[in-house]
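In: the following comprises the amino acid sequence and a computationally predicted model.
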Amino acid sequence: FFWKSLKLAGGMELDNGTLGAWQFSGRMVRSPEFILNKRHVWYLVRGSVRAYASVNSHLIVVGPLHGAVFREARHNDDQWHWVPHDLSLYGGHRMHIEFAPVDEAPCTIAMVVQSDEQPKFPDPSGNGLPWTALAGQSIKERTVAFAGAIRTAADSLRKTPPQAAPPQNAQAEVLPTVPSRWQQAQFAHWFVTHSSLFGLAEFQPSVTGLAETEAAFAKQVQWESTLAPAMLEGNGVNEFLLIRGNSNTPKEPVARRFLAAVESGDQPQGVFQSETVAGSGRQELAREMLRSPLVSRVAVNRIWHHLFGRGIVPTVDNLGVLGRAPSHPELLDYLATQFVQNGWSTKAMIRSLILSSTYQMSSHSNEADSVDPDNAWWHRMPIKRLEGEAIRDSLLAVSGRLDRTPFGLSVPIHLTEFMQGRGRPGGSGPLDGNGRRSIYISVRRNFLSPMMLAFDTPSPFSTVGRRTVSNVPAQALILMNDPFVIEQANRWAEQVATDGPQTVEQRLDRMYLTAFARHPTPAEISAAMLFLQAQGVSQPDQQRAAWNNLCHVMFNLKEFVFVE
């Protein structure tokens, strides 16, 4: 009943296609999963509703195929209606139904029923069903039902456990999408919003108490939320065993459980389908995973890999028997234990690692290289090349163009004349991405940034735990010829040339501090001075070009993309 008040925070971007236009986020309820064994599914609704049949958990983005899974019905009256949904194409398949309101129109869903014919309206006794379903009954019958409904709703919402679902219709299979407790809440909501109709002292305590309960609940609701991708929680369903992956010959169902090879020895099989487990069992699965040391080991090993350039277990995607052994197993277990004890805090783990003496070691070679040439024992810090995103962000930061504003919509990718093909976006984004960090540049699978590809940014076709780190001519060519790099060099040069009355040596010192976080050596200052003179810096018409070229040269130094 709070659908109308729920809304997304500013800057959120909905999915393209029909489902995105329906705005399911925060305004959707779903049925349990079931196997379709009738031609039609009927929805008992009041108001306007949009229904989407998710067949085998398949997500429809846009047609033309499978348009039958969508159903929209609009009713302007305050009566209950049976809405048919022809799903005969999907007989025998597993599915669930997702409901959403039509824009701001009122919407209430009472039942979902499989039937080849229109089901009858519910029993007029009022047991767990919306009271307006009694519209065809006599005044006496409705009065009895109303009185019982008030007491049942008030008592149930306060102290008693949910009752069993209403019995199934003899002519149709009823899917109990709305538990009895939720149906009773519908009664309570109507009584609260129509409290003036209940003047009798017999009903006033119940109505007043329900109003106070609803008001207190409404204060706890976060009406405006940001959007995040997540799995819908539903009822638990066991999957069939598929021998050699053949879906045409399913065998017996397999109980939901953690991986037998790594689960705790005291965990009974099939725990996730226990009667005490409500819902899909994902929460129980997550808890069982956290009981195993595998998750914490994988997590800290990846953090170590990103900070040091190589994991304690080099094969970060495989900590099993087919992966490489850890170089320091005791250290891995110690870090995993600390990670858990600190509440699984990634920030705390990063802080402890970067403050360690190991992280702060020099990258220069020493006498230990003769004993440990591969640096397997971490006698020095390895030289790391920045990732493509960090290189681009560094160019923007040095030039002063970087926009550090967090969050917001993605910036369309800049399309060059060579980026052609099917599905090419209609418009190109700005060359510098409006100065936004690389994380905010949209990713089009078939139209990837040439700069990102040159610096080994993974293609978005699969997950990648360890990136390739190469040193190829394409990277030097990008830094020398890419229009984006040249533009940022010119922008940086403009800042340097207009930064107040300074000597050339002072400008060079500031440039080195900005780009490399250190002061230049006398030899570097001398080389830069000779370069500027050769570029004609003393001539007014050549001065700006000379500084442009020097900034461009500094972007091409190895020190700019490699960290010691």
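Out: Noted; the coordinates are in hand. Computed from a prediction, not measured in an experiment: that's the story for all the values here.
In: can you tell me the element the residue nearest the centre of the chain falls in?
Out: For the chain, the residue nearest the mean C-alpha position is P229 (3.6 Å; Cα atoms, centre = their mean). For P229, there is no enclosing helix or strand under DSSP states H and E.
In: let me see the ranges of the helices in the stretch 451-564 of the chain.
Out: 473-481, 483-497, 504-516, 522-534, 540-555, 558-561 (DSSP state H, counting those that start in this stretch).
In: go through these and name the closest to M349.
Out: helix 558-561 (26.5 Å; Cβ to Cβ). From N, CA and C alone the C-beta is placed, and that goes for glycine too.
In: helices or strands next to that closest one in the packing?
Out: The contact analysis (3 or more Cβ pairs under 8 Å, 6 or more residues apart in numbering; DSSP states H and E) places helix 558-561 against helix 388-399, helix 504-516.
In: same list, those, but as a markdown table with distance to D541 and mean pLDDT please.
Out: Converted to a markdown table, these look like this (distance: least, Cβ to Cβ, whole Å; pLDDT from 0 to 100):
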| stretch | distance to D541 | mean pLDDT |
| --- | --- | --- |
| helix 388-399 | 23 | 96 |
| helix 504-516 | 18 | 94 |
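In: deepest-packed of these, please.
Out: Greatest average neighbour count among the helices and strands packed on helix 558-561 goes to helix 388-399 (a mean of 20), per mean count of other Cβ atoms under 10 Å.
In: quick one, that helix and helix 540-555 angle?
Out: Put simply, helix 388-399 runs at 150 degrees to helix 540-555, going by axes from the mean of the first three to the mean of the last three Cα atoms, to 10 degrees.
In: which residues does helix 388-399 contact?
Out: Residues from elsewhere that reach helix 388-399 (Cβ atoms under 8 Å, 6 or more residues apart in numbering): 386, 402-403, 432, 435, 437-439, 449, 451-457, 484-485, 488-489, 491-492, 495, 514-515, 555, 560-561.
In: same check on stretch 521-530?
Out: V504, E505, L508, D509, Y512, P520, L550.
In: which SSE is G408 in?
Out: Here G408 is assigned to no helix or strand, by DSSP H and E.
In: surely it meets I441?
Out: No - if you go by Cβ atoms under 8 Å, G408 and I441 don't touch, sitting 11.9 Å apart.
In: okay, these two: which has more neighbours?
Out: More neighbours surround I441 than the other of G408 and I441, with 20 against 14 (other Cβ atoms under 10 Å).
In: list the contacts of that one.
Out: S410, V411, I413, G429, G433, S449.
In: and of those residues, the nearest to E224?
Out: For these, the nearest to E224 is S410 (20.9 Å; Cβ to Cβ).
In: please tell me how far that closest one sits from Y440.
Out: For S410, the distance to Y440 (Cβ to Cβ, to the nearest Å) stands at 6 Å.
In: between these two, which one's more packed in?
Out: Y440 (17 against 14).
In: can you pull the phi/psi pair for the more buried one?
Out: When read as degrees, to the nearest 10, the backbone of Y440 gives phi -100, psi 0.
In: with K7 instead?
Out: phi -150, psi 160.
In: list the contacts of the spatially closest residue to it that is not a sequence neighbour.
Out: In space, and not counting its chain neighbours, K7 is closest to E224: 5.6 Å by Cβ to Cβ, 6 or more residues apart in numbering. Neighbouring residues of E224 by Cβ under 8 Å, 6+ apart: K7, L8, A9.
In: most neighbours, which of the residues you listed?
Out: Most surrounded of those: other Cβ under 10 Å gives L8, at 16 neighbours.
In: what about E72, which helix or strand?
Out: Per DSSP H and E: strand 70-73 holds E72.
In: dihedrals phi and psi, Y43?
Out: phi -120, psi 130.
In: skipping its backbone neighbours, what lies nearest it in space?
Out: According to Cβ to Cβ, 6+ apart, the nearest residue to Y43 is V83 (4.4 Å).
In: that neighbour looks like it's in a helix, true?
Out: No - read with DSSP: H, G, I helix; E, B strand; the rest coil, V83 is strand and lies in no helix.
In: what is the burial count for it?
Out: Neighbours of V83 (other Cβ under 10 Å): 17.
In: OK, contacts around it?
Out: W42, Y43, L44, V45, V49, A51, R71, A73.
In: now the end-to-end length of stretch 234-251.
Out: Using Cα to Cα, to the nearest Å, the end-to-end distance of stretch 234-251 comes out at 23 Å.
In: any idea how far that stretch is from the middle of the chain?
Out: Here stretch 234-251 shows a centroid-to-chain-centroid distance of 27 Å under the convention Cα atoms, centre = their mean, to the nearest Å.
In: now swap in stretch 244-254 and tell me
Out: Using Cα atoms, centre = their mean, the offset of stretch 244-254 from its chain centre is 31 Å.
In: what residues does it touch?
Out: N238, E239, F240, L241, L242, I243.
In: closest to F217 among the contacts of stretch 521-530?
Out: If you rank the contacts of stretch 521-530 by distance to F217 using Cβ to Cβ, Y512 comes first, at 60.7 Å.
In: let's have the helices of the stretch 451-564 of the chain in a markdown table, adding distance to P373.
Out: Converted to a markdown table, the helices of the stretch 451-564 of the chain look like this (distance: least, Cβ to Cβ, whole Å):
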| stretch | distance to P373 |
| --- | --- |
| helix 473-481 | 26 |
| helix 483-497 | 35 |
| helix 504-516 | 28 |
| helix 522-534 | 31 |
| helix 540-555 | 32 |
| helix 558-561 | 22 |
